[in-house]
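Student: next one to model:
(one chain, ligands or ions: 1)
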Amino acid sequence: VYNYAAGPAVLPRPVLKQVQAELLDYRGSHQSILEISHRSPLFNDIYAAAKERVLKLLKLDNRYDVLFLQGGGTLQFTMVPLNLATKYHRAAYANTGHWAARALEEARKIPHLQADQVTDAGPDFTTIPAVPQLPAGKYDYLHITANNTIYGTSYHHLPATTVPLVGDLSSNFLGQEYQFDRFALLYAGAQKNLAPAGLTIVVAQRQLLAADQGLPSMLNYAALARKASTLNTPPVFQIYVAKLVLGWLEEQGGVQAIAAANQRKAALIYDFLDNSRLFTNKVARTARSFTNIPFTTGTPELDQRFIAEARQAGLLNLAGHRLVGGMRASLYNAMPYEGAVALRDFMAKFEKENQ
Ligand code: PLP
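Tutor: A predicted model of the protein is given here:
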């Protein structure tokens with residue numbers, strides 16, 4: 001059985017086995033990981049290791065810090081403008097799809113902030129338009145959505161800009177390579193590539209996190225950074241699983257290796273789609289996502305049959321997002337190559353049977 005869900009998504013099996021094995025007694029403590037205190041040395045070790053692994057995997061030095069927060073990617077749509085749009089009170093947003101638009105919409109709710117949409121990917125969001133040159137000294141940051149989970153597009157090159165770059169990497173965090181020190185701040189909900197839902201990672205320049213805007217504490221990066229993300233009770237279990245998944249990623253060879261593996265899996269499906277007489281994918285080739293691949297037969301009834309028959313065959317959660325319909329295969333880090341092969345083979349069989 002393979003799970004192609006867009007999120008919460010499949011986690012590496014060896015990690016889940018380790019979680020299972022040590023669930024009742026965490027490292028001889030006679031306590032479950034679900035019971036240990038976030039003020040205990042046991043947790044401090046987990047936190048420190050998780051943070052160190054994130055920075056190492058992203059090839060970032062100690063000019064950057066990592067926060068382990070709650071509220072999902074969605075709360076960052078609010079925290080980013082509150083904390084960062086403080087000099088010019090103006091921010092630029094690249095609108096490349098639903099989540100990018102949600103980020104823009106939330107920023108526009110902040111009083112005294114002007115949030116400008118600086119790109120338009122058209123009604124179908126099948127491309128990643130170039131970001132125009134933004135004038136210096138006008139914008140506090142430029143926000144991009146690195147991978148568009150619903151429409152299956154992705155930035156393969158970061159926009160060249162002098163404005164501080166902020167990225168929502170929720171659906172390709174640690175699964176696609178970028179020059180991560182080009183980001184002033186990046187964030188990702190954990191539930192696709194890293195851990196169970198309930199954890200959000202924020203990686204940002206320390207200098208940026210240190211600028212205290214006097215915001216309410218739980219919305220204030222500076223206050224959260226000063227307390228190592230434990231202003232209140234943090235999601236200990238999620239951070240523990242993240243630490244293990246990060247260790248697994250290191251064993252796979254780090255981001256470069258896993259990104260190459262993700263590309264190989266995606267290429268199998270795209271190659272099939274490019275030669276298919278039944279299925280299509282509308283995304284411009286240069287903008288294709290390595291992690292989320294939408295496709296359709298063009299006939300809703302046939303799509304439904306495909307999804308149902310795939311489920312019968314052990315290929316789960318292939319329904320497209322409700323906004324776009326059709327199908328979507330999410331091939332995150334923990335999806336083995338065999339999962340992409342199984343999907344490609346099933347599509348070929350379905351195509352043959354429905355000529
Ligand atoms: N940003 C992107 C790119 C997403 O794909 C999602 C959810 O799928 C979100 C943000 C929202 O994340 P969350 O559910 O963690 O708030």
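
Student: for the stretch 101-250 of the chain, which residues are neighbours of the ligand?
Tutor: 145, 149, 168, 170, 171, 189 (Cβ under 6 Å from any ligand atom). Quick note: C-beta positions are derived from backbone N, CA and C, even for glycine.

Student: the fifth one contacts residue 7, doesn't it?
Tutor: If I follow you right, that is residue 171. Yes. Using Cβ atoms under 8 Å, residue 171 makes contact with residue 7 at a distance of 7.1 Å.

Student: intersection of neighbour lists for the two?
Tutor: Common neighbours of residue 171 and residue 7 (criterion: Cβ atoms under 8 Å, 6 or more residues apart in numbering): 149, 192, 330.

Student: and the closest residue to the first one other than its chain neighbours, what does it touch?
Tutor: Spelled out, it's residue 149. The shortest distance from residue 149 to any non-neighbouring residue, by Cβ to Cβ, 6 or more residues apart in numbering, is to residue 171 (4.1 Å). By Cβ under 8 Å, 6+ apart, the contact list for residue 171 reads 6-7, 146-149, 188, 192-193, 289, 291-292, 330, 332.

Student: ok, now residue 130?
Tutor: 119, 159.

Student: which strand or helix spans it?
Tutor: Using DSSP states H and E, residue 130 sits within no helix or strand.

Student: please apply the same query to residue 310.
Tutor: Counting by DSSP H and E, residue 310 is part of helix 300-312.

Student: before we move on, the earlier item: return a PyMOL selection command for the buried portion of the shared contacts of residue 171 and residue 7.
Tutor: Of the shared contacts of residue 171 and residue 7, the buried ones can be selected in PyMOL as follows, counting by 16 or more other Cβ atoms under 10 Å:
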select buried, resi 149+192+330
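
Student: so which of the shared contacts of residue 171 and residue 7 is the closest to the ligand?
Tutor: Closest to the ligand out of those is residue 149 (3.3 Å), distances taken as Cβ to the nearest ligand atom.

Student: return the distance of that closest one relative to residue 84.
Tutor: For residue 149, the distance to residue 84 equals 23 Å [Cβ to Cβ, to the nearest Å].

Student: so what's the residue count around the closest residue to the ligand within the stretch 151-300 of the chain?
Tutor: Residue nearest to the ligand within the stretch 151-300 of the chain (Cβ to the nearest ligand atom): residue 189, separated by 2.7 Å. Residue 189 has 26 neighbours, counted by other Cβ atoms under 10 Å.

Student: correct me, but it touches residue 170?
Tutor: Yes. The pair formed by residue 189 and residue 170 meets the contact definition of Cβ under 8 Å, at 4.6 Å.

Student: find residues that contact each of those two.
Tutor: 7, 73.

Student: quick check: closest non-adjacent residue to residue 36.
Tutor: For residue 36, the spatially nearest residue (Cβ to Cβ, 6+ apart) is residue 42, at 5.2 Å.

Student: ok, now which ones touch the one you found?
Tutor: 26, 27, 29, 36.
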